[in-house]
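Chemist: generate coordinates for the sequence data below:
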Amino acid sequence: MAKYGSEQILPYNNEENKGAQVKRMFDNIAGKYDLLNHTLSLGIDKGWRKKGIAFLRPFSPQTILDIATGTGDLAISMYQTLKAQHITGADISEGMMEVGRKKVAKAGYSEYISFEQQDCTKLTYPDNSFDAVTAAFGVRNFENIEQGIAEMYRVLKPGGHLMILELSTPEHFPIKQLYCLYSKLVIPNVGRFFSKEKSAYSYLPESIKVVPQGKVMTGLLSRQGFTDAHVQTFTFGICSLYTGTK
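Modeler: Got it, this is the predicted structure:
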C-alpha cells in the first residue's frame, strides 16, 4: 500500500502508533471540541456537512455508518435530513462519542443513532452491511488511509454510496496565502488558549497540508474499487467532498 504524508504526522511522539495518539488527543479535547471546531471554521463547517448530505439525499440510505463520527455532528444532521432507519457512529475516541451520545439523547434521537468504538482500519462489521458510509474531517487521522478506505468499501452494500468531507489546502492566490497564515497562526493559538492542548492544534494544520487531496484521493478511491469517484471543493478549496459508489 502507498504511504501518505498525513500518516506520518503524529500528535505527540514517534514511539506510539498514530491510532493510539489520535485516540488520546481527541479524548483530551472532547469537552471543547465542538466550540473550537465551529469557532475556527467560523461556522462554515455546518454548510459543508449540508452539502455532503445533499449528495446522499437522492439515494435515501436507510442504514448509514459514519466513520470518525467524533461528537456526532454529521450523524445528527444526516438523521434530521435523511430520516434513515439507523445511523451508526464509529470512532476510536470514547471521549468524543460520549459527548455525541449526550447530544443525541438531548435531541431525542437515541433510537436512531448509536455510537460504537471502532478502529477504522479493522472494522468489526460484516461485509455489505450499510447503504452508505460517511466520514467528515477524519480521514487525515487514519493511521493507514488505504486500509481505512478499503474497510469502508468492504462494509458498504453493492450499489451503496461513499461520502467523505475533508479539509484541504487552497491552491490559488490570495486564498492560499491567507489560509497558510490562518493555519499557522490562528488555529494553533486559538486552540491552545481554549483547550490547553498544545499538540492537537499544531497537529491539525500539519495533517491537512499532507492528507491526500483532489485527484490523488479520487485515484485512491478508484483503486479500492469505488466507481464514479468524484471530488468537489467548497469555500475556495478549504473543504473537499469526495464521493463514490460500490
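
Chemist: so for Lys196, what's the pLDDT?
Modeler: Lys196 is assigned a predicted lDDT (pLDDT) of 69.

Chemist: helix/strand/coil for Leu165?
Modeler: Secondary structure state of Leu165, per DSSP: H, G, I helix; E, B strand; the rest coil, is strand.

Chemist: contacts only, for it.
Modeler: For Leu165, the set of contacting residues under the criterion of CB atoms under 8 Å, 6 or more residues apart in numbering consists of 48-49, 52, 74, 135-137, 239-242. Placement of C-beta: from N, CA and C, glycine included.

Chemist: mind picking the two most distant members of those?
Modeler: In those, the most distant members under the criterion CB to CB are Leu74 and Ser240, with 15.2 Å between them.

Chemist: more neighbours: which of the two?
Modeler: Neighbours were counted for Leu74 and for Ser240 using other CB atoms under 10 Å; Leu74 has more, 28 against 22.

Chemist: check what pLDDT that one gets.
Modeler: Per the predicted model, pLDDT is 98 at Leu74.

Chemist: how many neighbouring residues does the nearest residue to it once chain neighbours are set aside have?
Modeler: Counting by CB to CB, 6 or more residues apart in numbering, Ala136 is the residue found nearest to Leu74 once chain neighbours are left out, at 4.3 Å. When neighbours are counted by other CB under 10 Å, Ala136 registers 27.

Chemist: what residues are up against Ala136?
Modeler: By CB under 8 Å, 6+ apart, the residues touching Ala136 are 48-49, 52, 66, 68, 70, 73-74, 164-166.

Chemist: looking at the chain, which helix or strand is least sure?
Modeler: Ranking every helix and strand in the chain by mean pLDDT, DSSP states H and E puts helix 187-195 at the bottom, with a mean of 73.

Chemist: what is that helix packed up against?
Modeler: Where contact means 3 or more CB pairs under 8 Å, 6 or more residues apart in numbering; DSSP states H and E, helix 187-195 is packed against helix 18-40, helix 198-210.
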